[in-house]
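**Student:** Sequence and predicted structure, then a few things I'm wondering about:
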Amino acid sequence: MWAYGLEENLGHLPWLEWGMWESWEAAEHWVFYRDSSETVKTELGSSWEQLRQRKELSQLFLPECFSLWGWNSSPTTACSHSKAYGCPYHKVLAPTVCHFSIASDRRNPSLGASNTALARWLPAEYEDGVSVPRGWTEGKRFSGFPLPLVRQVSNEIVRFPPEQMQMDQQRSLMFMQWGQFVDHDLDFSPETPARVPFGGEIDCDTSCAKAPPCFPIQIPPNDPRITNRRDCLPFFRSAAACTRGRAVREQINALTSFLDGSGVYGSEVAVAERLRDRSSRRGLLAVNRNFTDRGRAYLPFGPMRKEPCLKASGAAKIPCFLAGDTRASEMLELACMHTLFMREHNRLAGKLRSLNPHWNDERLYQEARKILGAMIQIITYRDYLPLLLGHRFRRFIPPYRGYDESVDSRISNVFTLAFRFAHASIPPTVGRLDECYRPITPEIQLRTSFFAVWRIIQEGGIDPYLRNLMASPAKLMTQQQMVVGELRDRLFEQVERIGFDLPALNMQRGRDHGLPGYNSWRKFCGLSQPTGVKSLGRVLRNQNLARKFLKLYGTPKNIDIWIGALAEPFVKGGRVGPLMACLIGTQFRNIRDGDRFWWQNPGVFTPRQRCSLAKISLSRIICDNTHITKVSRNIFHANKYPRGFVSCRQIPKLDLRPWKSKTYPCKAKNNSAFEN
């Protein structure tokens, strides 16, 4: 849960397009039947055969699944992620008129599109070689040793006394928050839509039985919190992709693989439409009609139905926000970032309209969207990644040399785990600061902040949270203090029957996805592969920690990728170890070099436009869209107000004059909205 975000659980999603649901459910039903043993098929047989012959679920299955089931398929029954991809090309708005970066790769238009399978950098490792996750069969050995329970690893490696917590004196809390915002632009592997095992009557939320799609997290002996060993932490497997010609289970990326602002605009056409304000005809995104932030807009609300924000808000009855990504309301600070960028889009559309009053609704929307996407790319690669990867930055992300059509820009399966590194940078409380950067008391316990967007509406808007992100340090990740108890024991406590363990969920998710162990990824990255306590101790620079790992896993080969990579000491100047730096750096280079619409690629923007864009900053976006007047100049560095803070008057503005049309479009024949 939390592919750097906190949620893959479909039960929490405030809205989903039916096309998404049917894609995921189609694939899941097919993969379950395909992967089941003949014994299981026989046991289910009569009921399953009746269902198959009645064809009541015929609208849910992909054409390739139809043929395998012996059903007749038709083009109208294709799931959304098997559709043919294509889009119109336009010389001015080529990167934007085609939504969701589809057709960025002209040879393979579906590469990186939403609702397609994640990429594999190494072959999947399942118990049966096909689908069953490692750790499913109790006592089964791997490289001579059984896998430990993930909750046991969390207890013995991750857990630490709260009084030991240290803060990062070099990175701001905004550094952590930007990583989450970016990750929610890149990947989301949803859980299967099924809430009960196929062919069964039990509920995976309350039962601890292992039955697809349920893979519950078992409780070890002497657990410090959960005394009933027969209890468990609910866990649903990620939805499977229904891939052509492949037997091995793959997982879906519900988002576009490109850094394209999909967290603001959505990864589905229907979602993008729902987020637009068509009534104004000014290229705007929709805003909240019930509340404002002292005159500035909030995100619109999602559908009023049973969902976690309503539950968290109690009598206030404030629902979740509607944004381009379904997880926008999970955390208060994340909701503030989504609000900030919605406002920035509308600000850009308004400025562009002043410069070009002849532009219509579509042109204004698309140009503002194109600029906003470039802003996110620039802030990430210029400001964020160098501080994350440190001295390894240029090794993995050299200077840009243009679009490379040979690069596979898809998000890799392992990246969805590697980019969860910043769970270790989240403090146990949510702070707020007033106009003078003084603390607003009391601080909010992290456990009570999830889905609590009512606090933004009723307790002062987004400014107090943004000030805190700029002026407060992130939590420091060390081997002695990995993830705070609020995430390790109290995750979603307000909206679930039991508080979840985020580190345990991460490790269970890696097994669910068939990700190989620690040494396989060290080898992939050209790093040494430790064989015992001494060599692992040298890698970790900590013999005691190495002994703990091998007491649990038996061999470094079996260590779950997330915890093994997280435990490595930071590279010089960075905030991840060598293995994380390799996996994250490789992914971000692929995202950039495999994107034909990358902001620096010739023809996407004019030279004057690129020059103007190069001056933008996250600090300026905050200045332009909030009531905040003093901001951090180096926003990802730890700064304690007033040190490092300047007036908004000193932060360069984006000059939009290069976007002014040289001539008005001819009103005669062929009057296109996209004339320049």
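**Tutor:** Right, received. Where do you want to start?
**Student:** Name all residues that make contact with residue 139.
**Tutor:** residue 146 (C-beta atoms under 8 Å, 6 or more residues apart in numbering). Where C-beta positions appear, they are placed from N, C-alpha and C, glycine not excepted.
**Student:** can I assume it sits in a helix?
**Tutor:** No: counting by DSSP: H, G, I helix; E, B strand; the rest coil, one finds residue 139 to be coil, located in no helix.
**Student:** What number of residues are in the vicinity of residue 455?
**Tutor:** Residue 455 has 22 neighbouring residues, counting by other C-beta atoms under 10 Å.
**Student:** Now it. Nearest residue, chain neighbours left out?
**Tutor:** Distances taken as C-beta to C-beta, 6 or more residues apart in numbering place residue 332 nearest to residue 455, at 6.2 Å, with adjacent residues excluded.
**Student:** Equivalent analysis for residue 122, please.
**Tutor:** residue 516 (5.2 Å).
**Student:** Just the strands from the stretch 401-550 of the chain, written as ranges.
**Tutor:** 429-430, 444-445, 473-475 (DSSP state E, counting those that start in this stretch).
**Student:** Highest mean neighbour count out of those?
**Tutor:** Of the strands of the stretch 401-550 of the chain, the one with the most neighbours on average (mean count of other C-beta atoms under 10 Å) is strand 473-475, at a mean of 23.
**Student:** quick revisit: who are the contact partners of the residue nearest to residue 122?
**Tutor:** Going by C-beta under 8 Å, 6+ apart, residue 516 touches 122, 123, 124, 125, 561.
**Student:** export those to CSV and tack on neighbour count and pLDDT?
**Tutor:** Formatted as CSV, the contacts of residue 516 follow (neighbours: other C-beta atoms under 10 Å; pLDDT from 0 to 100):
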residue, neighbour count, pLDDT
122, 15, 99
123, 11, 98
124, 18, 98
125, 17, 98
561, 26, 99
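**Student:** Show me which pair in these is furthest apart.
**Tutor:** Pairwise distances across the contacts of residue 516 peak at 14.1 Å for 123 and 561 (criterion: C-beta to C-beta).
**Student:** what pLDDT does residue 202 get?
**Tutor:** As predicted, residue 202 sits at a pLDDT of 75.
**Student:** now do residue 518
**Tutor:** Residue 518 is assigned 99 on the pLDDT scale.
**Student:** cool, and residue 206?
**Tutor:** The model's pLDDT for residue 206 equals 85.
**Student:** Check the gap between it and residue 232 for me.
**Tutor:** Distance, residue 206 to residue 232, by C-beta to C-beta, to the nearest Å: 10 Å.
**Student:** Between the two, which has more neighbouring residues?
**Tutor:** Legend: neighbour count by other C-beta under 10 Å for residue 206 and residue 232, higher for residue 232 (20 against 10).
**Student:** wait, what's in contact with that one?
**Tutor:** By C-beta under 8 Å, 6+ apart, the contact list for residue 232 reads 208, 216, 217, 218, 219.
**Student:** how about the nearest residue to the third one, chain neighbours excluded?
**Tutor:** Of all residues not flanking residue 217 in the chain, residue 233 sits nearest, at 3.9 Å (C-beta to C-beta, 6+ apart).
**Student:** can you count the residues close to that neighbour?
**Tutor:** Residue 233 has 21 nearby residues by other C-beta under 10 Å.
**Student:** was I right about it contacting residue 151?
**Tutor:** Yes: with contacts counted by C-beta atoms under 8 Å, residue 233 reaches residue 151, the gap being 6.9 Å.
**Student:** Mutual contacts of these two, please.
**Tutor:** 217, 219, 501, 504.
**Student:** okay if I get these as a markdown table plus pLDDT, neighbour count and distance to residue 238?
**Tutor:** Shown next, in a markdown table, are those (pLDDT from 0 to 100; neighbours: other C-beta atoms under 10 Å; distance: C-beta to C-beta, whole Å):
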| residue | pLDDT | neighbour count | distance to residue 238 |
| --- | --- | --- | --- |
| 217 | 96 | 20 | 15 |
| 219 | 96 | 23 | 22 |
| 501 | 97 | 30 | 18 |
| 504 | 98 | 25 | 16 |
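**Student:** rewinding a little: pretty sure the residue nearest to residue 455 sits against residue 448.
**Tutor:** No: the criterion here is C-beta under 8 Å, and residue 332 misses it with residue 448 at 10.2 Å.
**Student:** who has more neighbours, the two?
**Tutor:** residue 332 (24 against 16).
**Student:** In contact with the more buried one, which residues are there?
**Tutor:** Each residue near residue 332 by C-beta under 8 Å, 6+ apart is listed here: 430, 444, 449, 452, 453, 455, 456, 465.
**Student:** Name the helix or strand for the most centrally placed residue in the chain, please.
**Tutor:** When C-alpha atoms, centre = their mean is applied to the chain, the residue found nearest the centroid is residue 184 (3.1 Å). Here residue 184 sits within helix 173-186, counting by DSSP states H and E.
**Student:** Tell me which stretches of the stretch 201-350 of the chain form helices.
**Tutor:** With helices called from DSSP state H, counting those that start in this stretch, the stretch 201-350 of the chain shows them at 262-265, 269-275, 308-313, 332-355.
**Student:** Now do the longest one and helix 173-186, the angle between them.
**Tutor:** I take that to be helix 332-355. Angle of helix 332-355 versus helix 173-186, following axes from the mean of the first three to the mean of the last three C-alpha atoms, to 10 degrees, is 70 degrees.
**Student:** and the helix or strand following helix 332-355, what's its mean pLDDT?
**Tutor:** Tracing the chain C-terminally past helix 332-355 and defining elements by DSSP H and E, one meets helix 361-378 next. Averaged over helix 361-378, pLDDT sits at 98.
**Student:** rewinding a little: among the contacts of residue 516, which ones are in helices?
**Tutor:** residue 561 (DSSP state H).
**Student:** just the contacts of residue 516 now: which is nearest residue 339?
**Tutor:** Checking those against residue 339 with C-beta to C-beta, the nearest one is residue 561 at 33.9 Å.
**Student:** Contacts only, for the closest one.
**Tutor:** Counting by C-beta under 8 Å, 6+ apart, the residues that residue 561 touches are 414, 417, 418, 510, 515, 516, 517, 518, 521.
**Student:** Swap in 7 Å and give it another go.
**Tutor:** 414, 417, 510, 515, 517, 518, 521 (C-beta atoms under 7 Å, 6 or more residues apart in numbering).
**Student:** my read: the first one touches residue 515, true?
**Tutor:** Just to be clear, that refers to residue 414. Yes: under the criterion of C-beta atoms under 7 Å, residue 414 makes contact with residue 515 at 5.8 Å.
**Student:** picking up where we left off before, identify, out of the helices of the stretch 201-350 of the chain, the most deeply packed stretch.
**Tutor:** helix 262-265 (a mean of 28).
**Student:** Check which helices and strands it sits against.
**Tutor:** helix 173-186, helix 332-355 (3 or more C-beta pairs under 7 Å, 6 or more residues apart in numbering; DSSP states H and E).
**Student:** Out of those, which gets nearest to residue 493?
**Tutor:** Short answer: helix 332-355, nearest of the helices and strands packed on helix 262-265 by C-beta to C-beta, at 15.7 Å.
**Student:** circling back to that earlier point, tell me what angle the helix holding residue 184 forms with helix 361-378.
**Tutor:** Computed by the same axes, to 10 degrees, the angle separating helix 173-186 from helix 361-378 equals 130 degrees.
**Student:** pLDDT below threshold where in the stretch 551-676 of the chain?
**Tutor:** 663-676 (pLDDT under 70).
**Student:** Show me the helices in it, by range?
**Tutor:** Using DSSP H, counting those that start in this stretch, helices in the stretch 551-676 of the chain cover 561-566, 578-593, 607-613, 618-625.
**Student:** Next, format the ones you listed as a markdown table and append distance to residue 350.
**Tutor:** Output for those, formatted as a markdown table (distance: least, C-beta to C-beta, whole Å):
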| stretch | distance to residue 350 |
| --- | --- |
| helix 561-566 | 43 |
| helix 578-593 | 30 |
| helix 607-613 | 17 |
| helix 618-625 | 11 |
